[in-house]
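Peer 1: Give me the fold of what follows.
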Amino acid sequence: MTDDHDGVPELLAAWAFGALQPADEKAVPLHLAGCESCAAEAERLRETVRLLDVPPGTAAAGNGSPAARNGSAAVSQNGSAAAVTGAGSTEASVGGGGGTAGADGVLALALRSRPALPQVAAHAAPYAAAVAGLRALLREVDGHGPWGTPVVHDWDVRDTVGHLIAADEQLAVRLGLQTHTPPSRITEDTPWEEAWNTRTADVIAYERTRDPQETVTAWAERATALLATPEARDPERAAHATTLMGVRLPVSDHFVVRGFEAWIHTDDIGRALGLAVPPPPDAHLWQLVRLAVRILGMALGPTAPPVLFAVTAGESSTEWVLGSEDEAVRGELVLDAVDFCLLVGGRYTPDEVPRGVAGDEDVVRDVLERAAALSWL
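Peer 2: Sure, this is the predicted structure:
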């Protein structure tokens, strides 16, 4: 390990397959946290490994080498892995009834067939990965049958994709992209909640007149266009603030919000169809958590009774004090990172979310209720 990357590029394949040696398990994540190029390559590898859907750390038949990560968004209904087709119509079915491919062969296939994700800055990476995950999931929707499956609210699968078109549009228009058909009826003085609901209803109504694949194509094209904007690739361009959904944030944070919503609705669709959707990669998950904690702190305000709030992900944990800085902590709250995101996303109620609590339960409950109230999804 003598180059500027400390040998990490040679370990990315093992990282993607969940098969790092113990000596490298801490060094690689630390390097990825500070190296944009290695982090981007690592996420491209991991996204493709997810599509191959093989349990992490398991040995491939015959050679003892590691196989791919489990929990793919593209796992088929019968539990076997979906085939991935690359250049030249090469296919591999990994984890099904026909035997397992060696890790070297799987990695070669992964490198040939991985999706061509745009090169984006770190702030847009969670959105790029969520878009790739949803595209993989939607490939599992066969014909017209499952499109009408109820998903969330009164939306089916196609409606949920239509909502994402409307939701992405707010940021897209601010970055110079055109509105979707039909033309928007929203005016500058429309309250954001009304604007959000009206535009979603209009786009969904229009998309219901079209073939579902046209809806998917329209969403994918809009997402690709967003990821191709200068603001998705240049942190300096993304540093200017704009107000969307009633919150003024840097454009970079609004990209993180887009990634958050795309993942939440991918999970919604996966649950509705009985398909397993993995959580975001750890680096992306922590981006979502940090932004959500910041917005939660703004919602609570500086005079709220202080609560020590800890978020955990695996063996990692980060703590914040929410509320007043002038008083002693009155309560403690511990949430898993994914559970916290699902709470903020409206997929848990304050009573349902698994949690650890100490101290004043009333002040802790106020934090939980404020977190749940942040949801607009």
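Peer 1: Worst mean pLDDT across the helices and strands of the protein, which element?
Peer 2: None of the helices or strands of the chain scores lower by mean pLDDT, DSSP states H and E than helix 103-113, at a mean of 41.
Peer 1: Just list what whichever helix or strand comes after it packs against, helices and strands only.
Peer 2: Counting by DSSP states H and E, the element after helix 103-113 in chain order, helix or strand, is helix 125-138. The contact analysis (3 or more C-beta pairs under 8 Å, 6 or more residues apart in numbering; DSSP states H and E) places helix 125-138 against helix 36-52, helix 212-227, helix 251-273, helix 282-300. Quick note: C-beta positions are derived from backbone N, CA and C, even for glycine.
Peer 1: Which of those comes out lowest on mean pLDDT?
Peer 2: Per-stretch mean pLDDT for those is lowest at helix 36-52 (a mean of 68).
Peer 1: mind listing what's buried in stretch 362-372?
Peer 2: Val363, Val364, Asp366, Val367, Leu368, Arg370, Ala371, Ala372 (16 or more other C-beta atoms under 10 Å).
Peer 1: Look up the closest residue to the fifth one, ignoring the ones flanking it.
Peer 2: Read that as Leu368. Nearest non-adjacent residue to Leu368, counting by C-beta to C-beta, 6 or more residues apart in numbering: Pro350, 3.7 Å away.
Peer 1: can you check the second one too?
Peer 2: The shortest distance from Val364 to any residue that is not its chain neighbour, by C-beta to C-beta, 6+ apart, is 4.2 Å, and that residue is Gly331.
Peer 1: do you know how far that neighbour is from Leu171?
Peer 2: The gap separating Gly331 from Leu171 is 36 Å, by C-beta to C-beta, to the nearest Å.
Peer 1: now the helices and strands packed on helix 125-138 in JSON lines, with mean neighbour count and distance to Asp159?
Peer 2: Listed next are these as JSON lines, based on neighbours: other C-beta atoms under 10 Å; distance: least, C-beta to C-beta, whole Å:
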{"stretch": "helix 36-52", "mean neighbour count": "21", "distance to Asp159": "25"}
{"stretch": "helix 212-227", "mean neighbour count": "19", "distance to Asp159": "9"}
{"stretch": "helix 251-273", "mean neighbour count": "23", "distance to Asp159": "10"}
{"stretch": "helix 282-300", "mean neighbour count": "19", "distance to Asp159": "24"}
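Peer 1: Ok, which of those helices comes nearest Pro191?
Peer 2: The minimum distance between Pro191 and the helices and strands packed on helix 125-138 falls on helix 282-300, with 17.6 Å, by C-beta to C-beta.
Peer 1: The very next helix or strand once past that closest one - which strands sit beside it in the sheet, and in what orientation?
Peer 2: Sequence-wise, the next helix or strand downstream of helix 282-300 (DSSP H and E) is strand 307-313. When sheet partners are counted by DSSP bridges, strand 307-313 sits next to strand 316-322 (antiparallel), strand 331-336 (parallel).
Peer 1: Pop the domain breakdown of this protein in here.
Peer 2: Domain assignment for the chain by automatic domain parsing gives 8-113, 122-278, 287-373.
Peer 1: just how off-centre is the longest one within its chain?
Peer 2: Here the centre of mass of C-alpha atoms in domain 122-278, compared against the chain's by C-alpha atoms, centre = their mean, to the nearest Å, lies 12 Å away.
Peer 1: Quote the end-to-end distance of it.
Peer 2: Terminal residues of domain 122-278 lie 20 Å apart, using C-alpha to C-alpha, to the nearest Å.
Peer 1: Run a quick neighbour tally on Arg347.
Peer 2: When neighbours are counted by other C-beta atoms under 10 Å, Arg347 registers 19.
Peer 1: Could you list the buried residues of the particular helix or strand that has Ile165 in it?
Peer 2: Ile165 belongs to helix 157-174 when assigned by DSSP H and E. For helix 157-174, burial by neighbour count (16+ other C-beta under 10 Å) applies to 157-172, 174.
Peer 1: Can you add distance to Asp202 and give the helices and strands packed on helix 125-138 back as TSV?
Peer 2: What follows is those, written out as TSV (distance: least, C-beta to C-beta, whole Å):
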stretch	distance to Asp202
helix 36-52	32
helix 212-227	14
helix 251-273	18
helix 282-300	27
